[in-house]
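**Q** Here is the input, now give the coordinates:
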Amino acid sequence: MSPRQKKTPPAIPLWRRAAYPLILLAICGLLYFTGLGYRGLWETDEARYAEIAREMVESGDWVTPRLNYVKYFEKPILTYWLVAAGFKPFYPDAKQFAKGRQDPAYAKALDAFYAKADYLARLTPAVCASLTVLLVYLLGLRLWEPRSGFYAGLVLATGLMFWGLAQVLLVDMVLLLGITLAIWGVWELRSGHRRGLYAFWSGCAIGFLTKGMLGPGLPGLVVTLYILFTREWPLARALAHWHGPVLFLLLVLPWNLGMSIVNPEYPGYFLYENFGRLLSGDSYKRSQPFWYYLPLLPAAFLPWTPLLPWAIWQAWPGRSWREPAQRPWLLAMLWLAGLGLFLSASSSKMMHYALPLLPPLALLMARPLAALMAARPGAEAPAGVRWGLVGLAVASLLAAVALALAPGFSPEVTWSQVGLYLLLLPLLLCGLSLAIFAMRRLALAGLIAPLLLLLAIVLCAALAAPRLDDFRSLRGLAAPLRAELRPDDRLVSFGDYFQGLAFYTGRRVVVVNNWGELEFGRQRDPQADQWFHREQIDLIRLMQDPSRRVIALAETDTLERFRRQAAKTPGLALHEWARLGDKTLFANRPR
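**A** The predicted structure follows:
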């Protein structure tokens, strides 16, 4: 063992071991589930995935994903299934009402669904995040001991990015659950437990049904690196036992075969998205520099980042890193380094793609933090912890300054959006900075100070989210519109495809001028000429139709430019129905 390595903490009583996962679940419940419906579904990702799930429940077709009622194959099915499963018990079936969609009872039932729809949509990431925290606890328990597992789960659960994405409807939290389950399964199998084989291949199947080949590829990369570095060839043979691949195929083949039979174009699309795009160099225009994640990761790991250098130094095995006793540390380090290099080399980078790097950071942090918290009450913090807490105080102060100056640097954050909070929240962070600095000499502050900063961040987000909602979500505009719509009304998304318009109204939307990701489905839609229009003049023609109301949504700036063109059309009057944030609802008839 390295001279820097702390002694293993004493044995943990059974009652405390049982309490650890319950405490972690309680923390997840408070952090992830209490505010799921606090804001509307934000554009574009949240509203997109919710709408696909809604259309799945409405149509009864659980095989083919559709967005705005056209085929949409960009992601596999699992996330949509999970969200749709949450919607299903509450979404009314029009066939069960005497007058169908025109029945007042149906409208009432639909309103009841939408009253909880935002919460239901975000249950999927929240549940997956909670399960991931438990898996990291179990992995830490198996790698070291229960106390280290507990602190690994705690650090992960209370990290800034993980906390945020646990409440955002994206596919990435489902993917992370699959990755973590697979890696936990590897260590279980290495420890002699047969269930590890099934956990590994089940995790790979979850990943495959969430993000295609990338799903099993990421844990596969970590495991491959581990086996190559340690030369544990028996582990490779154990993972390749035929029971595992058969389980994987049983989980992934039914939907893929059904999808290919119903949609013969799907196999070609799948092969291009998973292999052809990579070989051709085509991308989604998400290119960022190689070092993109280097500054992002410290911000994502807040509030624990300032203590990370101390923790890594404490856990560093030195020249003994090859010894069997250091294999747990090596697994976490290869997980972090392997996936970090892979994601950095990828031509497509986005902030939330860094999510799989957070569990290994939490594991690297866990054992030193557990040893620190095992110190006697009132013990003095080591020098590394004291400097880390000073860094945390400085980070809080810098966050306060950045928040106060945000409107001057970002056009998306203005006084009109956040208002007085731009004064109150920086003051809160300044006070917290002083408190952290004052307690820096206490060992217990290594746990309390980061958690206080997270609570301050949660409070800031809770206060600011409703103000930002008007600019990020269409709930305030589209939800009231649902009660006013007539059967022959046409809804139009103008200048861009606004995902939430279809979701909150439950109606198909005419798209004018920019349909982007709907192009694949548009090409295969026999009614595309009715629902997709390329030019502004097409919207003018729609609005000249005297037989129906045409209600359009556009960014306010886009509407002003359209007004000038529409003014040249005799007899066409545009009526503004509502304005919220930076978007305006307008129509060819008064409201």
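**Q** Kindly state the domain boundaries assigned to this protein.
**A** Domain ranges of the chain: 21-43+119-373, 383-463, 475-587, per automatic domain parsing.
**Q** Ranked by average pLDDT, which of these falls at the bottom?
**A** Note on the domains of the chain: lowest mean pLDDT is at domain 383-463, with a mean of 72.
**Q** Return the most buried member of the domains of the chain.
**A** Stretch with highest mean neighbour count among these: domain 21-43+119-373 (a mean of 19; mean count of other CB atoms under 10 Å). (Glycine included, C-beta is placed from N, CA and C.)
**Q** start to end distance for that one?
**A** End-to-end distance for domain 21-43+119-373, by CA to CA, to the nearest Å: 18 Å.
**Q** one step back: determine which of the domains of the chain approaches residue 110 most closely.
**A** domain 475-587 (6.6 Å; CB to CB).
**Q** those helices in the stretch 151-300 of the chain, which residues are they?
**A** Under the criterion DSSP state H, counting those that start in this stretch, the stretch 151-300 of the chain contains helices at 160-165, 172-190, 195-211, 214-230, 233-239, 243-262, 266-271, 277-280, 293-300.
**Q** by contact count, what packs against the third one?
**A** For helix 195-211, the packing partners by 3 or more CB pairs under 8 Å, 6 or more residues apart in numbering; DSSP states H and E come out as helix 78-87, helix 172-190, helix 214-230, helix 233-239, helix 243-262.
**Q** The longest helix seen in the chain relative to helix 195-211, how many degrees between them?
**A** Looking across the chain with DSSP state H, the single longest helix is helix 104-143. Here helix 104-143 points in a direction 140 degrees away from that of helix 195-211 (axes from the mean of the first three to the mean of the last three CA atoms, to 10 degrees).
**Q** start at 41 instead
**A** New numbering, starting at 41: the last item is helix 144-183.
**Q** how far does helix 144-183 sit from the chain's center?
**A** Distance of helix 144-183 from its chain centroid, counting by CA atoms, centre = their mean, to the nearest Å, is 12 Å.
**Q** correct me, but residue 354 touches residue 410?
**A** No - counting by CB atoms under 8 Å, residue 410 is not a contact partner of residue 354; they are 10.6 Å apart.
**Q** on that earlier part again, just tell me which of the helices of the stretch 191-340 of the chain ends up closest to residue 503.
**A** The nearest among these, by CB to CB, is helix 200-205 at 15.2 Å.
**Q** wait, isn't residue 314 in contact with residue 251?
**A** No - counting by CB under 8 Å, residue 314 stays clear of residue 251, with 9.4 Å between them.
**Q** And residue 619, how far from residue 105?
**A** 33 Å (CB to CB, to the nearest Å).
**Q** now the helices for the stretch 441-590 of the chain?
**A** 455-458, 461-478, 485-512, 515-522, 539-545, 559-563, 568-571, 576-583.
**Q** just to revisit the earlier point, the inter-axis angle of the longest helix of the chain versus helix 515-522?
**A** Using the same axes, to 10 degrees: helix 144-183 against helix 515-522 is 150 degrees.
**Q** Backbone dihedrals for residue 198, please?
**A** The phi and psi values for residue 198, taken as degrees, to the nearest 10, are phi -100, psi 10.
**Q** ok now do it, which residues does it touch?
**A** When contacts are counted by CB atoms under 8 Å, 6 or more residues apart in numbering, residue 198 touches 67, 71, 343, 344, 490, 491, 494.
**Q** and the third one, how far is that from residue 496?
**A** By that I understand residue 343. Residue 343 is 9 Å from residue 496, by CB to CB.
**Q** Also the first one?
**A** As judged by CB to CB, residue 67 and residue 496 stand 16 Å apart.
**Q** For residue 249, give me its contacts.
**A** Neighbour list for residue 249: 116, 117, 118, 255, 291, 292, 295 [criterion: CB under 8 Å, 6+ apart].
**Q** Of those, just say which sits nearest to residue 586.
**A** Nearest member of those to residue 586, counting by CB to CB, is residue 117, at 43.1 Å.
**Q** Please tell me I have it right and that closest one contacts residue 106.
**A** No - using CB under 8 Å, residue 117 makes no contact with residue 106, being 11.7 Å away.
**Q** which neighbours do these two share?
**A** By CB under 8 Å, 6+ apart, no residue touches both residue 117 and residue 106.
**Q** do you know which of the helices and strands packed on helix 235-251 lies nearest residue 602?
**A** Closest among the helices and strands packed on helix 235-251, using CB to CB: helix 118-127, at 33.9 Å.
**Q** returning to that earlier point: could you dump the domains of the chain into a markdown table with distance to residue 152 added?
**A** As requested, those are arranged in a markdown table below (distance: least, CB to CB, whole Å):
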| stretch | distance to residue 152 |
| --- | --- |
| domain 61-83+159-413 | 12 |
| domain 423-503 | 26 |
| domain 515-627 | 12 |
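**Q** Out of those domains, the one nearest residue 509 is which?
**A** domain 61-83+159-413 (4.7 Å).
**Q** on that earlier part again, what's the farthest-apart pair in the contacts of residue 249?
**A** The widest separation within these (CB to CB) is 13.4 Å, between 255 and 295.
**Q** helix, strand or coil for residue 591?
**A** strand (DSSP: H, G, I helix; E, B strand; the rest coil).
**Q** List phi and psi for the residue nearest to it when sequence neighbours are not counted.
**A** Leaving out its chain neighbours, the residue that sits closest to residue 591 by CB to CB, 6 or more residues apart in numbering is residue 627, at 4.4 Å. The phi/psi pair for residue 627 (degrees, to the nearest 10) reads phi -150, psi 170.
**Q** cool, and residue 594?
**A** phi -150, psi 160.
**Q** likewise residue 527?
**A** The phi/psi pair for residue 527 (degrees, to the nearest 10) is phi -60, psi -30.
**Q** Contact partners for it?
**A** Applying CB under 8 Å, 6+ apart to residue 527 gives the contacts 141, 142.
**Q** and what of the one 5 residues further on?
**A** Residues near residue 532 by CB under 8 Å, 6+ apart: 549, 550, 551, 552, 579, 582, 590, 591, 592, 593.
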